[in-house]
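In: What shape does this take:
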Amino acid sequence: MPRIFIFGLGYSALALAGQLRSLGWEVAGTTRRESKIADLRQLGFTVYPFTRGEPLTVGSAALADFPYILHSVPPDDLGDPVFDLHGCDIVAQAPQLRWFGYLSTTGVYGDHKGAVVDETSPCHPTSTRAAMRLKTEQQWQDLQKNCGLPLHIFRLAGIYGPGRNVLRDLQRGEASQIVKPGHVFNRIHVADIVQALVASLHKPAPSNIYNLADDQPASSDEVLRFGAELLGVDAPTAIPFANAALSPMAKIFYADSKVVANTKVKHDLGLRLLYPSYREGLRGLKP
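Out: Presented below is the predicted three-dimensional model:
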């Protein structure tokens, strides 16, 4: 039975965990939320609490029992807690480790004024959060070069899927139609993240970086209007970007505009997107 350890059983990683369980894998992992532990264990996962400053009680010996490791914990203000607490443990098992995956973000590319970026494009992150992601990538890449870590980096576009989409926001009255001409970004359905990761697990190719993004970047207001049309409701009143009262996180989102190329993951892993654009994705999520 193949075994995988997942640092950070969040939205995307938990979707992967469920898929792997259905394929006969043994899955163990961590969560920062104590309230989730009992529920995750009932689903059949071995779960450990994880907080900065407290190394896992699972210990390096137990980590060495897993030939596959996925890292899905975002960095905090101090950096990457997984690297800081368990980088040495993971390096110690590097010769036996078959696959180490890190979930990053296309935010590391920064703003390219709507131009196309691929895995070879320069990274100029425009936010502290994205800069920390890039630093984390580089830390693990150093271990790959120096210690043979079988590193695979996946740069994810805007994630959506069940329970996390514009249809839900519209139904809850939480959607805003912010209009910023020329601003576009890619999305990626969680099901396509899962199928890409599963393909990579079955075809390891260490030192590779893959963009996980759909085929059709679009503005947020375009997607919102389409979602409203699907639900048969009126879209919220359009608000010009200059007049919008945005949270710091939303301001970061609107700071970058780029088109993310996904040719490499299709070629290398034979990926055929289940949801090539937000249209197919939202139709599949329509209540």
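In: any chance you could map the helices in the stretch 151-287 of the chain?
Out: Ranges of helices within the stretch 151-287 of the chain are 166-171, 190-202, 220-231, 248-255, 263-269, 278-285, based on DSSP state H, counting those that start in this stretch.
In: Indicate which one of those helices is closest to Leu151.
Out: helix 190-202 (11.4 Å; Cβ to Cβ). Placement of C-beta: from N, CA and C, glycine included.
In: same for the closest one, what does it pack against?
Out: Contacts defined by 3 or more Cβ pairs under 8 Å, 6 or more residues apart in numbering; DSSP states H and E place helix 190-202 against helix 11-22, strand 99-105, strand 151-156, strand 158-160, strand 208-212, helix 263-269.
In: Any chance of JSON lines for the ones you listed, columns mean pLDDT?
Out: As requested, these are exported to JSON lines (pLDDT from 0 to 100):
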{"stretch": "helix 11-22", "mean pLDDT": "97"}
{"stretch": "strand 99-105", "mean pLDDT": "98"}
{"stretch": "strand 151-156", "mean pLDDT": "98"}
{"stretch": "strand 158-160", "mean pLDDT": "97"}
{"stretch": "strand 208-212", "mean pLDDT": "98"}
{"stretch": "helix 263-269", "mean pLDDT": "98"}
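In: do you know which of the ones you listed lies nearest Tyr48?
Out: Comparison of the helices and strands packed on helix 190-202 against Tyr48 by Cβ to Cβ identifies helix 11-22 as nearest, at 13.6 Å.
In: Mind giving me the packing neighbours of the closest one?
Out: Under the contact criterion of 3+ Cβ pairs under 8 Å, 6+ apart, helix 11-22 touches strand 3-7, strand 26-31, helix 190-202.
In: switch to 10 Å and redo it
Out: Other helices and strands packing on helix 11-22, by 3 or more Cβ pairs under 10 Å, 6 or more residues apart in numbering; DSSP states H and E, are strand 3-7, strand 26-31, helix 34-42, strand 68-71, strand 99-105, strand 158-160, helix 190-202.
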